[in-house]
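Asker: only geometry, no sequence info:
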């Protein structure tokens, strides 16, 4: 690739990667130590909502704190679209932790955010239904629905771990000769016309 870098990748190189890194380094401490604790305080002491929703909201905000710490400090992923490349600028990106482990961690925290939110949505949905509605279900059915959805989400974490293994690694056992998009080394082929 020449100095002009197709798709404005020079903007990523010169400005956006550093901007995103700096933004995350400022945002995650504010989020983890100020915004979410204040929200949790308001939820616990100033809110009049029912206990089950209050607990789910507090758990959701604690999970958000963990996600912000992971994504803002430990991992800091930056995509170089449209090329399937991620730049990692976080604390774990020093080469001691492999990429598939970091992607699995990101998938775990992303999916962990969904579970308390699903509980909140289920409880609020059931409260809004009128008595005698065919969509109104008892607590054990609600728990079963949440368990099925959570199991599906957790299966995605295992899927991220399994499929994060480089898919063409097995091909090196057969040959070291690969056809790449471009006509010469460093050429990204038709992507330059995107």
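Answerer: Sure, I can see it. These numbers come from a predicted model, not from an experiment.

Asker: Residues contacting the helix or strand containing residue 28, please?
Answerer: For residue 28, the host element (DSSP states H and E) is helix 17-30. Contacts of helix 17-30 with the rest of the structure, by Cβ atoms under 8 Å, 6 or more residues apart in numbering, involve 68, 69, 71, 72, 73, 76, 78, 87, 89. Bear in mind the C-beta positions are built from the backbone N, C-alpha and C, glycine included.

Asker: ok, 6 Å please
Answerer: Outside helix 17-30, the residues that touch it by Cβ atoms under 6 Å, 6 or more residues apart in numbering are 68, 72, 73, 76, 78, 87, 89.

Asker: export these to CSV and tack on distance to residue 110, secondary structure and pLDDT?
Answerer: What follows is those, written out as CSV (distance: Cβ to Cβ, whole Å; DSSP: H, G, I helix; E, B strand; the rest coil; pLDDT from 0 to 100):
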residue, distance to residue 110, secondary structure, pLDDT
68, 12, helix, 95
72, 14, helix, 91
73, 16, helix, 93
76, 15, coil, 86
78, 16, strand, 82
87, 18, strand, 79
89, 18, coil, 85
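
Asker: Most neighbours of all those, which one?
Answerer: residue 76 (23 neighbours; other Cβ atoms under 10 Å).

Asker: ok, residue 118 to residue 111 distance?
Answerer: 11 Å (Cβ to Cβ, to the nearest Å).

Asker: element containing the residue nearest the centre of the chain?
Answerer: Most central in the chain under Cα atoms, centre = their mean is residue 110, positioned 4.0 Å from the mean C-alpha point. Assigned by DSSP H and E, residue 110 belongs to helix 99-128.

Asker: helices or strands next to that helix in the packing?
Answerer: Here helix 99-128 touches helix 51-69, helix 139-163, going by 3 or more Cβ pairs under 6 Å, 6 or more residues apart in numbering; DSSP states H and E.

Asker: Lowest average pLDDT across those helices?
Answerer: Across the helices and strands packed on helix 99-128, helix 139-163 has the smallest mean pLDDT, namely a mean of 90.

Asker: ok so, going back, identify the farthest-apart pair in the contacts of helix 17-30.
Answerer: Greatest spatial distance in those: 68 and 87, 19.2 Å, computed using Cβ to Cβ.

Asker: and the helices and strands packed on helix 99-128, which is most packed in?
Answerer: helix 51-69 (a mean of 17; mean count of other Cβ atoms under 10 Å).

Asker: what secondary structure does the residue of the chain positioned farthest from its centre sit in?
Answerer: Relative to the centre of the chain, and counting by Cα atoms, centre = their mean, the farthest-placed residue is residue 132 at 38.9 Å. Under DSSP: H, G, I helix; E, B strand; the rest coil, residue 132 falls in the coil class.

Asker: Alright, I will stop here.
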